[in-house]
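Build me a model:
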Amino acid sequence: MAEIQAQRIAIIDLGSNTNRLIIMDTRLGFSYRLVDEVREVVRLRQGMTKEGLSDEAIARGLSTLRLYKEFCEQTRVSQILAVATSAVREAANGPAFLDRIRDEVGITIQLLTGEKEAYYDTLGALNEVPLSEGVVLDIGGGSIQLSDVNKRQFIRGNSVSLGALALTERFIKHDPISGKEYRAIEKEISRQLDTIPWLTEKQGQSLVGLGGTIRNLALIEASRQNYPLFTQHGFTLKRDSVFKSIELFRKLTLKKRGKIPGISSDRADIILPGAMVVLAVMDRLQINELELSVNGVREGVFFELFWSHLDPPIIPSVRKFSVLNLARNYFYEKQHANHVSFLAGRLFEQLTPLHGYDENERDILYAAALLHDLGRIIGYSSHHKHTQTLLEYNGLPGYTPRETALIALLSRYHRKGQPEISDYKLLLKKKDRTILSRMAAILRLAECLERGRNSNITDAIVTWDEDQLRITLIANQYPAVELWQANRNALPLMEDVYQKEVTIDSFSPPQNRIN
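Next up, the predicted model:
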């Protein structure tokens, strides 16, 4: 089988508030990795009139895109995919502006309709979040997009002019906002949401949120909580948190808002109307939380290319691919990791009457088994801790923060140490201490049984009585190394968590054992 060619692809989003550039290193359909990101607050919508974008906004846009083009050339990008959204879409001189970009900068930009923007938002979200039924909300600078999702399919999408920058420029003249201005924004949000009748049909279903406003609201809440992960994948934003932030924004001047822990300084002046939109949509759906999607329109454009062999370009299992993608990006030892996963699965299945766990825990164990050695790319010494760090910073799309924390801890304790949840008490439940210990014992034993990295152990048979637990190995040859490692490093934890004396032996006789 021919090796899949590596490519470097740039995606540019010419937004109403911010111009964003992301660069992906990818092997299409196999793996991808974000390797760089640049954002510039251009505010194309600022000063827009019925004649279109202002000369100043056009100049800022052209200047930024020239820098982006040069940056792409210097970083050896092979392909640029670029889109423009609501500000350019609504501007009378928008098409002329895109012609200038093509002629003067050399970048061809696709102008998205509101529905197409919602579609790409949904592609980005559904390739990160395992949403089956619900709504995807993107809050941009000029507009918001609401998408109807059914059976992991984009059904329809609407775009209305409720962007954070658009509402700010239209309604807010005082600092801090006046009560009259606040009520006017509330009324306008309600009026425009009324134009999307299908929204009330989705009451009680899940909401996925994306865009700069929502990411920033999540960062503010994460700062309040002293959140222990360095990724926003799977972060849940509660209605109470959004309401608390709105009340804070209302009473603070812009200067004081800019000092709120977690807030982006270039978003402090426009975040209040965006937060009000989030609250209004949650109230329409009669729900109390939304799940954050780090991905958005840029990633959606990328996934249309990455998953071009799928129709639609949406991965069936976000969880399974996110584990594989991370493993591939950090050059995991495929044969070793797969065999540890196999052995851990066999042990887990046979021990089910003792631990009582189901497919949810099995899935967490699978992920940890595949990823446990990733930290070796940093250094062998303390590689178990390095793996934990990689998971803290990368996250795992499709997994909840709690599940990600458990996977990180299983990786951390796959070699040695008494499993502890102290690093992630905020995310974990009381019962997770026991879950962690029992599954860490299984993973540690599976790792010891594949210590020689040669798949010598083909299976393990587990039996027990009231006092003893016996593990019999089926091996291609006498497993001297595996028995030595298991007895030394894995059995003490097994005995501790399962409260039985553990013995381990093998069907294969020690005929060729070296004395």
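
show me where pLDDT drops low in the stretch 401-515 of the chain?
Counting by pLDDT under 70, the ranges of the stretch 401-515 of the chain that qualify are 511-515.

repeat that for 90
Filtered on pLDDT under 90, the stretch 401-515 of the chain yields the residue ranges 422-423, 507-515.

got it, and the chain?
Judged by pLDDT under 90, the stretches of the chain that qualify are 1-4, 16-17, 265-266, 422-423, 507-515.

quick check: longest helix of it.
What stands out as the longest helix in the chain, according to DSSP state H, is helix 55-74.

The very next helix or strand once past that one: partners in the sheet, and parallel or antiparallel?
Toward the C-terminal end, the helix or strand that comes next after helix 55-74 (DSSP states H and E) is strand 79-84. Strand 79-84 sits in its sheet next to strand 7-14 (parallel), strand 110-111 (parallel), going by DSSP bridges.

So which of the ones you listed is nearest residue 266?
strand 7-14 (15.9 Å; CB to CB). Where C-beta positions appear, they are placed from N, C-alpha and C, glycine not excepted.

got the contact list for the closest one?
19-28, 35, 44, 61, 65, 68, 72, 75-85, 88, 107, 109, 296-299, 301-302, 305 (CB atoms under 8 Å, 6 or more residues apart in numbering).

Can you name the next helix or strand after that strand?
strand 18-27.

Tell me where the stretch 301-450 of the chain has helices.
Ranges of helices in the stretch 301-450 of the chain, per DSSP state H, counting those that start in this stretch, are 318-329, 334-350, 352-355, 359-371, 383-394, 401-412, 432-449.

for the fifth one, the distance to its chain's centre please.
Looking back up the chat, that one is helix 383-394. A distance of 16 Å separates the centroid of the chain from that of helix 383-394, by CA atoms, centre = their mean, to the nearest Å.

now swap in the first one and tell me
In this view, helix 318-329 has its centroid 11 Å away from the chain centroid, taken as CA atoms, centre = their mean.

Which strands or helices does that helix pack on?
Judged by 3 or more CB pairs under 8 Å, 6 or more residues apart in numbering; DSSP states H and E, the packing partners of helix 318-329 are strand 31-41, helix 359-371.

Pick the most deeply packed of those.
When the helices and strands packed on helix 318-329 are scored by mean count of other CB atoms under 10 Å, the highest mean neighbour count falls to helix 359-371 (a mean of 21).

That helix vs helix 432-449, what angle?
40 degrees (axes from the mean of the first three to the mean of the last three CA atoms, to 10 degrees).

Can you work out which other helices and strands pack against helix 359-371?
Short answer (3+ CB pairs under 8 Å, 6+ apart): helix 359-371 packs on helix 318-329, helix 334-350, helix 401-412, helix 432-449.

out of the helices and strands packed on helix 318-329, which comes closest to residue 55?
The nearest among these, by CB to CB, is strand 31-41 at 18.1 Å.

can you list the residues that contact that closest one?
8, 17-26, 64, 67-68, 71, 75, 266, 302, 306, 324-325, 328-329.

And for stretch 453-466?
333, 335-336, 339, 343, 346-347, 350-351, 354, 449-450, 469-477, 479, 482, 500.

Which members of the residues you listed are classed as buried?
336, 339, 343, 346-347, 350-351, 449-450, 469, 471, 473, 475, 479, 482, 500 (16 or more other CB atoms under 10 Å).

Would you mind checking the contacts of strand 7-14 for buried ones?
Judged by 16+ other CB under 10 Å, buried ones among the contacts of strand 7-14: 19-24, 26, 28, 44, 61, 65, 68, 72, 77, 80-85, 88, 107, 109, 296-299, 301-302, 305.

number of nearby residues for residue 442?
Burial measure for residue 442: 29 neighbouring residues, criterion other CB atoms under 10 Å.
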